[in-house]
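Peer 1: Below is the sequence, then the predicted model.
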Amino acid sequence: MSVLHNKGVVDKGEFEVMLTFENIWVHSRRTATSSSSDNASNNVSNSVTSVQTNPFTPSNIYQKWSDKLRKTVRSDPILPADKRVLINGVTGTLLSGQVTVLTGSSGSGKSVLLRVLAGLLPMSNGDVYLKNDASNVNASQSIHDTLPTQWRTQVALLAQHPQLLEGSVIDNLKTPYRLQAHQHLDFDIDWHIAQLERLQRNADFLQQDTYHLSGGERQLVNTLRLLQLNPQVLLLDEPTAALDIDTSAQLVQLLLSWLQLDTQRTLLWVTHDTQDIMPLANHHWHMQAGVLTEVF
Ligand SMILES: Nc1ncnc2c1ncn2[C@@H]1O[C@H](COP(=O)(O)OP(=O)(O)OP(=O)(O)O)[C@@H](O)[C@H]1O
C-alpha cells in the first residue's frame with residue numbers, strides 16, 4: 001500500500017518517488033488578437049479602396065484577396081487569451097531507477113509537459129515535487145519554493161534540437177561549470193573519454209570543432225554535457241529522432257547505463273519511435289490533447 005509521508009512523496013514498494021506532479025494545467029498565452037488582424041486588413045483595404053477604378057489593376061486584385069482574408073479571419077473562433085488548454089490537469093510519478101516512456105501524437109502536449117517539469121514554462125495550476133537530495137528521509141521540495149537555477153541542476157531537459165556554442169567539443173562540455181549552480185563540481189575528462197569509448201569514438205573527438213559535427217554527434221555532445229552534471233531526473237525529448245540506427249542504439253545504451261549507475265535517478269523519455277526504448281520501458285504513459293493516461 002502507498003504511504004504518504006510528506007506532501008508529494010509516496011513510498012512505492014521497492015522504488016522511491018523521485019518526482020511527482022499533481023493536477024498540472026497549462027493554458028496557451030495568445031499575444032496576437034484577431035481584432036488586430038482585422039484592423040491591419042482594414043487599414044490595407046481602406047488605402048486600396050480610395051484608388052479603385054480599373055478592376056484589373058494590382059490594387060484591385062489585392063482588394064479582392066484582402067476581402068477574402070478578412071472573411072477567413074472572422075470565421076475563426078475568437079478565443080480569449082489563456083483559453084486554450086495545452087495540459088489538462090495531469091498527475092504522475094517518476095520512480096527511482098525506472099524508465100517511463102511518454103508517447104502521443106504531434107501537438108498533444110508532450111514537450112509542453114517536459115518544459116513545465118523542468119521549470120522552463122510556467123503552469124497555470126498544479127505543483128511538482130522533487131525528492132530532497134540532501135535528505136535520507138522521504139521529504140520533497142516544491143518547484144514553487146525552489147530557485148529555477150537550483151531546480152534545473154536536479155531536473156534536466158535534453159531538448160530535441162541541441163544548441164551548441166562555437167568552439168570545440170571540450171569547450172562545450174566545460175561550459176556548465178562556469179555557472180554558479182555547478183561551480184562545486186569538477187570537470188572530469190577521464191569520465192568523458194570512457195563514455196566516448198562506449199560510443200566508439202576516441203579522445204580526439206573532444207578537440208573537434210562543433211561547427212563540423214553531424215546532427216547525431218551534436219546530440220551526443222549535448223547528452224554528455226547534461227549527464228556529467230548528475231541530475232536526479234532526466235527528461236528526454238525525442239533524443240534519438242535525428243540519429244541513425246547505430247548511433248541511436250549507442251545513445252540508448254549510454255543513457256541506460258547512466259541510469260543504472262545510481263539508484264537516485266529516473267528517466268522520462270518522449271518518443272515517436274517505440275522500437276528503440278519501448279522494450280526497455282518500465283512504464284508507458286500516453287498523452288492525447290493534453291490528457292495523460294497510464295498504459296502500464
Ligand atoms: N509556449 C507556448 N505557448 C502557447 N502554445 C504552445 C506553447 N508551446 C507549445 N504550444 C502549443 O501546444 C501544443 C502542444 O505542443 P507540444 O510541443 O507539447 O507538442 P508535442 O506533443 O511535443 O508534439 P511533437 O511530437 O510534434 O513534438 C501545440 O499546439 C503547440 O503549438
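Peer 2: It's in. Numbering: from 1, shown residues only.

Peer 1: Please tell me how far the closest residue to G167 other than its chain neighbours sits from the ligand.
Peer 2: Excluding the flanking residues, the one nearest G167 by C-beta to C-beta, 6 or more residues apart in numbering is T210, at 6.4 Å. Placement of C-beta: from N, CA and C, glycine included. Distance of T210 to the ligand, computed by C-beta to the nearest ligand atom, to the nearest Å: 24 Å.

Peer 1: try T149
Peer 2: Distance, T149 to the ligand, using C-beta to the nearest ligand atom: 20 Å.

Peer 1: CA-only coordinates of the helix or strand where that residue lies in CSV, if you can.
Peer 2: Element membership for T149, per DSSP states H and E: helix 148-154. Below are the C-alpha coordinates for helix 148-154, written out as CSV (Å, rounded to 0.1, in the frame of the first residue of the first chain):
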residue,chain,number,x,y,z
PRO,A,148,14.7,27.9,-11.1
THR,A,149,18.5,27.6,-11.5
GLN,A,150,18.6,25.2,-8.5
TRP,A,151,15.7,23.2,-9.8
ARG,A,152,17.3,22.7,-13.2
THR,A,153,20.5,21.3,-11.6
GLN,A,154,18.3,18.3,-10.5
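
Peer 1: Please tell me how far that helix is from the chain's geometric centre.
Peer 2: Chain-centre distance of helix 148-154: 15 Å, with C-alpha atoms, centre = their mean, to the nearest Å.

Peer 1: Could you do stretch 201-217 as well?
Peer 2: Put simply, stretch 201-217 sits 24 Å off its chain's centre (C-alpha atoms, centre = their mean).

Peer 1: Would you work out how far apart the start and end of that stretch are?
Peer 2: Stretch 201-217 has an end-to-end distance of 10 Å (criterion: C-alpha to C-alpha, to the nearest Å).

Peer 1: Sticking with the residue nearest to R265 when sequence neighbours are not counted, tell me its helix or strand.
Peer 2: Spatial nearest neighbour of R265, excluding adjacent residues (C-beta to C-beta, 6+ apart): L259 at 5.3 Å. Using DSSP H and E, L259 sits within helix 245-260.

Peer 1: re the thing from before, for burial, what's the neighbour tally of the residue nearest to G167?
Peer 2: 17 (other C-beta atoms under 10 Å).

Peer 1: swap in S108?
Peer 2: By other C-beta under 10 Å, neighbour count at S108 equals 20.

Peer 1: from what I can see it touches G290, true?
Peer 2: Yes: between S108 and G290 there is a contact under C-beta atoms under 8 Å: 7.0 Å.

Peer 1: Show residues contacting the helix holding L259.
Peer 2: With contacts defined as C-beta atoms under 8 Å, 6 or more residues apart in numbering, helix 245-260 is touched by 97, 99, 195, 198-200, 216, 219-220, 223, 227, 234, 236, 239-240, 243, 265-267, 276-277, 280.

Peer 1: Next, the buried residues of stretch 271-279.
Peer 2: Across stretch 271-279, burial judged by 16 or more other C-beta atoms under 10 Å covers T271, D276, I277.

Peer 1: List the buried residues in the helix holding L259.
Peer 2: Neighbour counts over helix 245-260 (16+ other C-beta under 10 Å) mark T247, S248, Q250, L251, V252, L254, L255, W258, L259 as buried.

Peer 1: Including distance to L147 and pLDDT, could those go into a markdown table?
Peer 2: Shown next, in a markdown table, are the buried residues of helix 245-260 (distance: C-beta to C-beta, whole Å; pLDDT from 0 to 100):
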| residue | distance to L147 | pLDDT |
| --- | --- | --- |
| T247 | 36 | 86 |
| S248 | 35 | 89 |
| Q250 | 35 | 89 |
| L251 | 31 | 90 |
| V252 | 33 | 92 |
| L254 | 30 | 92 |
| L255 | 27 | 94 |
| W258 | 25 | 95 |
| L259 | 26 | 96 |
